[in-house]
Structure formats: C-alpha cells, structure tokens
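Q: sequence first, predicted coordinates after that:
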Amino acid sequence: MERNGDIGALLLGAAEAQAMEAHGGTESAVLLPLYGWPHAPGLIFTERRADLRRHAGEVSFPGGRHDPGDADLEATALREAREEIALDPAAVEVVGALPPVSTFVTGYRIQPFVGLVDDPRALGLEPNPTEVETVLTLSLGRLREGYEMRRLIRRGVAIHTPTYEVDGQLIWGATARILGDFLRRIA
C-alpha cells in the first residue's frame, strides 16, 4: 500500500513550482518532512542555534543554499536535511512541492519540497551541533491551533505577520508562510 495517499494531488510538481516567480538572488530549498500521514500527521522542524549569524534561534524547516554539486533544488533540500538533522535521503519519499517563497532581509528564494518520512523516533535524527540546537516534531493539529496573526518587531521595524506558536516555539517569517500554504492545501 502506498503511504502517500492522495497528498501528491494536493501539491505542485517540482518543475511547476520552480517555474513560479519569487524574488531572491540566492537559490535555496527546504524539506517539509511529513510523518504520520494521513492519520496522525506532523512535521519535523529545526531550532537553529542562537549564536548563528543568520536566522539565529529561529524555527525552520531543514534546508539551505543550493550548492553547485546539487543536481537540482530537490537534491539541495535532501542534502541539507541530511547535514542538519541526519535525515537519510533514502528515508524520504518526496511527494511534491510548494510555491517558492522569498526572504525579505536575506534575499533568498526558497523552494519547498514535501517528503513523507517514517516516525521520527525511528529515523535516528541528530541535530548538527554547528547549526541546529534541537530537532522539533510538531503535529499538524497543534500547529493549526497555534496560528495567530501577530505584530512583531524585527530590526526595529513592526511587521504584521502569520505566526504559529507551539510549546513556546514561535514559527514566523518564510517558514510560517510556507507552513500556511501547506496547511491550506491539505485542509
């Protein structure tokens, strides 16, 4: 039995998603590792180290900049997930993509990919100590409950933005925009 159910029909194909316009001079990709689909679904996130130069302490999906050695942006997402949380690419069934998202401050064009994975406890996930403080697993139900539009102050500028807060972890910015699109598509 196929474990992806109908989720692929709710997402974009990789080529379709990558052809969509989004601003940003630096190509990057993230993986939305989805476990427990469809009965008790959740997503795996990282909490970045507080001492990093960019996006310090933020909750995000595993991902990063496209490297010249990556075959494509899907390969970038899988490589970054392996580097950041030791997620074996062979343990991921990529089932689709989402529209690209831009970061306002850092100028990244982020291509999200959705991949089905087994129960996170069985995956042997380990945070890379140079980048990741901890690996977070959050159920989609808790994420939906934690949604709120908020006024945040970032670098002295007030922004009104979608956020998700679960167990004291605040998801905002590009990660919240990607998450919101994903949750709307699978609702």
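A: That came through fine.
Q: would you say Ala81 is within a strand?
A: No. Ala81: not assigned to a strand; according to DSSP: H, G, I helix; E, B strand; the rest coil it is helix.
Q: I'd say it and Ser60 touch.
A: No. With contact defined as CB atoms under 8 Å, Ala81 does not count as touching Ser60 (11.5 Å). Quick note: C-beta positions are derived from backbone N, CA and C, even for glycine.
Q: with neighbour numbers in mind, choose between these two.
A: Set side by side, Ala81 and Ser60 show unequal neighbour counts under other CB atoms under 10 Å, the larger going to Ala81 at 30 against 22.
Q: quick one: contacts for Gly180?
A: Gly180 makes contacts with 147, 162, as judged by CB atoms under 8 Å, 6 or more residues apart in numbering.
Q: could you measure it against Ile186, distance?
A: Between Gly180 and Ile186 the distance, using CB to CB, to the nearest Å, works out to 11 Å.
Q: check Tyr108 too.
A: Summarising the geometry, the distance separating Tyr108 from Ile186, computed by CB to CB, is 24 Å.
Q: next one: Leu170
A: Spatial separation of Leu170 from Ile186 under the definition CB to CB is 22 Å.
Q: which positions in stretch 96-108 come out as buried?
A: The neighbour-count criterion (16 or more other CB atoms under 10 Å) identifies 96-103, 108 as the buried residues of stretch 96-108.
Q: and for stretch 107-126?
A: Across stretch 107-126, burial judged by 16+ other CB under 10 Å covers 108-117, 120, 123, 125.
Q: also stretch 41-51?
A: Neighbour-count burial for stretch 41-51 flags 41-49 (criterion: 16+ other CB under 10 Å).
Q: which residues of the chain score low on pLDDT?
A: Scanning the chain for pLDDT under 70 picks out 1-5, 50, 52-57.
Q: can you tell me the centre-most residue of it?
A: Computing the C-alpha centroid of the chain and ranking residues by CA atoms, centre = their mean puts Phe61 first, at 2.9 Å.
Q: which parts of this protein are helices?
A: 7-10, 14-18, 73-85, 140-145, 173-186 (DSSP state H).
Q: can you list these in CSV and add distance to Pro33?
A: As requested, the helices of the chain are exported to CSV (distance: least, CB to CB, whole Å):
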stretch, distance to Pro33
helix 7-10, 13
helix 14-18, 16
helix 73-85, 7
helix 140-145, 13
helix 173-186, 12
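Q: please work out which of those is packed deepest.
A: Burial of those is given as mean neighbour count (mean count of other CB atoms under 10 Å); helix 73-85 ranks first at a mean of 23.
Q: just checking, what packs against that helix?
A: Packing contacts for helix 73-85, counted by 3 or more CB pairs under 8 Å, 6 or more residues apart in numbering; DSSP states H and E, involve helix 14-18, strand 26-35, strand 42-48, strand 63-65, strand 93-97, strand 108-117, strand 132-139.
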